[in-house]
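Engineer: structural data only, the sequence is not supplied:
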Ligand SMILES: Nc1ncnc2c1ncn2[C@@H]1O[C@@H]2COP(=O)(O)O[C@H]2[C@H]1O
């Protein structure tokens, strides 16, 4: 995706747009980007740990300077990251057409506020010298992980999607608390005036009981009070089970949806599938699974039996053939020859850099080419050209002829 040229008023658009181009197409820049994200995550974890430990007086006495150093480092890193986001947000997603509006959009977005809160309060406290309050702020940078943790984002999305059902649970819970609190208040307010003499006191008992926590600081003493409490305890189980079930179902759905979106996005990068209709793509997606291999990892060895073929969605592999070495990159596929001709692997495939793949199992491959003749033709043509290129064509044809002979 090429960045859209910016209008007047944006800061140095060429440099910024050039950066995006680099990040999208240059593997080195991509890997620097991933390292930077790892650095930010490391700083977040370090910062939160330092803040927690700083609240222990003995540790703070001994390592106070170290904790303060970590806090200063994280304030600097988070502030720089915030400034970089503020600068780049206008070039990368020119949603509004005005750089200022894009930047304000970021500043007031949920993630923008989280990014700011990760360093601003700590910076103010550091500047004013009231270090004791720092520990309480330690949790703020933790929320930055939402940006970097897809699982956390999915969980929040699940809660958001089910907000109405969850609000319903809260309303039922409030109703139950009020009902049980007023019952126990009516039954025991004269027996235990110090503990259940007011409705708010009885509500505390009801919340602790319905939450199935049972601190034991307030307990019913009359037989009727105990009888009512039995119902409160049983109702408590249902109260807890309901939101747990709602959130876990929604979370599972959200993860499935995310995988679907990721695979769809990866599939769109493979030209072989570009002419397919949406329903055909959805069909294929069910058969594919995503896999990432690291630089130097050997995926396929010459002479091995074959169980799948692969589509490269990002990255590069090197194929060592008897006569030559070839490299394949984004949008191409490999591993089809052994599946088509039912032979052993014709070459050894190694990741030349970190590579993202879609894997299609042999059984699904055969079902797919039987169902989609144009796709089958294309794969056959590519395989034939590759075999001719490697000088293995005669061998493969011989193997196939032999097999057909024995099949008959
Ligand atoms: N000349 C070539 N050019 C590009 N890719 C090749 C060439 N020869 C073999 N391959 C790929 O390397 C793969 C090794 O495993 P397969 O034999 O299953 O399938 C092979 C092809 O996908």
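Structural biologist: Cool, got the structure. Predicted, not measured: the structure shown is a model, and the values here were computed from it.

Engineer: excluding residues flanking it in the chain, which one is nearest whichever residue of the stretch 101-250 of the chain sits closest to the ligand?
Structural biologist: Residue nearest to the ligand within the stretch 101-250 of the chain (C-beta to the nearest ligand atom): residue 150, separated by 31.3 Å. Glycine gets a C-beta too; all of them are placed from N, C-alpha and C. Nearest-residue entry for residue 150: residue 258, 6.7 Å, with adjacent residues in sequence omitted and distances by C-beta to C-beta, 6 or more residues apart in numbering.

Engineer: got the residues of the stretch 201-350 of the chain near the ligand?
Structural biologist: 300, 306, 319, 321, 326, 328, 334-338, 345-347, 349 (C-beta under 6 Å from any ligand atom).

Engineer: can you tell me which of these are in helices?
Structural biologist: 336-338 (DSSP state H).

Engineer: which of the residues you listed are buried?
Structural biologist: 336-338 (16 or more other C-beta atoms under 10 Å).

Engineer: output those residues as TSV; include the columns pLDDT.
Structural biologist: Below are these laid out as TSV (pLDDT from 0 to 100):
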residue	pLDDT
336	95
337	95
338	95
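
Engineer: stretch 112-123: which residues count as buried?
Structural biologist: 112, 114-123.

Engineer: and for stretch 323-336?
Structural biologist: 328, 330-336.

Engineer: with stretch 277-290 instead?
Structural biologist: Quick answer for stretch 277-290 (16+ other C-beta under 10 Å): 284-285, 288.

Engineer: what pLDDT does residue 178 get?
Structural biologist: Each residue has a pLDDT score; the one for residue 178 is 97.

Engineer: state the distance from it to residue 184.
Structural biologist: Going from residue 178 to residue 184 by C-beta to C-beta, to the nearest Å gives 11 Å.

Engineer: please enumerate the shared neighbours of the two.
Structural biologist: Taking C-beta atoms under 8 Å, 6 or more residues apart in numbering as the contact rule, residue 178 and residue 184 both touch residue 206.

Engineer: looking at these two, which is more packed in?
Structural biologist: residue 184 (28 against 14; other C-beta atoms under 10 Å).

Engineer: what helix or strand is residue 244 located in?
Structural biologist: With elements taken from DSSP states H and E, the one containing residue 244 is helix 223-267.

Engineer: hang on, I meant residue 88
Structural biologist: Assigned by DSSP H and E, residue 88 falls in helix 57-92.

Engineer: what residues of that helix count as buried?
Structural biologist: 60, 63, 67-68, 70-71, 74-75, 77-79, 81-82, 85-92.

Engineer: same question, stretch 220-228
Structural biologist: Under 16+ other C-beta under 10 Å, the buried positions of stretch 220-228 are 220, 225, 228.

Engineer: could you dump the residues you listed into CSV with distance to residue 35 and pLDDT added?
Structural biologist: Below are the buried residues of stretch 220-228 laid out as CSV (distance: C-beta to C-beta, whole Å; pLDDT from 0 to 100):
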residue, distance to residue 35, pLDDT
220, 60, 97
225, 62, 97
228, 60, 97
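
Engineer: my guess is the residue of the stretch 101-250 of the chain closest to the ligand meets residue 257, correct?
Structural biologist: No - assessed by C-beta atoms under 8 Å, residue 150 is found out of contact with residue 257, at 11.8 Å.

Engineer: show me the shaky parts of the stretch 301-408 of the chain.
Structural biologist: 392-408 (pLDDT under 70).

Engineer: just the helices from it, written as ranges.
Structural biologist: Secondary structure of the stretch 301-408 of the chain (DSSP state H, counting those that start in this stretch): helices at 336-341, 362-371, 373-390, 393-407.

Engineer: right, and residue 330 touches residue 311 too?
Structural biologist: No - between residue 330 and residue 311 there is no contact, the gap being 9.7 Å when judged by C-beta under 8 Å.

Engineer: noted, bye for now.
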